[in-house]
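# Structure here, sequence nowhere to be found:
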């Protein structure tokens, strides 16, 4: 007989992740807790800006892919803190994978997308294509 841990909220969490298009809080394959970074987006005159809060995530652990007119930001973070004093030893660690994806507007210059990470904040710059304004031609009514 196989013994499994009962989680009364598992089905509710799965329903919530499907309804709100988020990521499951707990993976069935392994008991790794998902990391859900917050994202801010804004539109400027010449570009779209996406800022992702990624505290504790190294630049090397961040992946940005463009696929099927979507930008996919993914990666993983791991944290380990050890503290040893004469009367105790403490180790804390956490691990989490994340993935966020967004549909790209039609006027994004995909070839010139830039990304930078500083102080735990990833900024992705999505430049807009330069659209030349069509010259207005006046038509005389006869």
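Everything's here; your move. Keep in mind it's a predicted model, so treat the numbers as computed, not measured. Residues are numbered from 1 along each chain as shown.
# what sits opposite the spatially most central residue of the chain in the beta ladder?
A centroid search over the chain (C-alpha atoms, centre = their mean) returns residue 100, at 3.5 Å, as the residue closest to the centre. With DSSP bridges as the criterion, residue 100 is bridged to residue 73.
# need the contact list for it.
37, 39, 52, 72-74 (C-beta atoms under 8 Å, 6 or more residues apart in numbering). In short, each C-beta sits where N, CA and C put it, glycine included.
# For residue 11, identify the helix or strand it belongs to.
Per DSSP states H and E, residue 11 falls inside helix 10-19.
# Could you identify the helix or strand that succeeds that helix?
Following helix 10-19 toward the C-terminus (DSSP H and E): strand 39-43.
# So what's the model's average confidence on that next one?
For strand 39-43, the mean per-residue pLDDT is 92.
# list the helices and strands it packs on?
strand 47-53 (3 or more C-beta pairs under 8 Å, 6 or more residues apart in numbering; DSSP states H and E).
# List of residues touching the strand it packs on?
Contacts of strand 47-53 (C-beta under 8 Å, 6+ apart): 37-43, 71, 73, 100, 102, 105, 108, 120-128.
# Give me the buried stretch members for that strand, please.
Under the neighbour-count criterion of 16 or more other C-beta atoms under 10 Å, strand 47-53 has 47-48, 50, 52 buried.
# if we can go back for a sec, would you check how far apart the residue nearest to the centre of the chain and residue 54 are?
For residue 100, the distance to residue 54 (C-beta to C-beta, to the nearest Å) stands at 10 Å.
# Residue 122 now?
5 Å.
# who touches both of these two?
Counting by C-beta under 8 Å, 6+ apart, the residues touching both residue 122 and residue 54 are residue 62.
# quick one: low-confidence parts of the chain?
Residues of the chain that meet the criterion pLDDT under 70 lie in 1-4, 17-34.
# hmm, 80 instead?
1-35, 78-80, 92-96, 131-134 (pLDDT under 80).
# For it, list the residue farthest from the centre, please.
residue 142 (58.4 Å).
# Could I get the contacting residues of that one?
Counting by C-beta under 8 Å, 6+ apart, residue 142 has no contacts.
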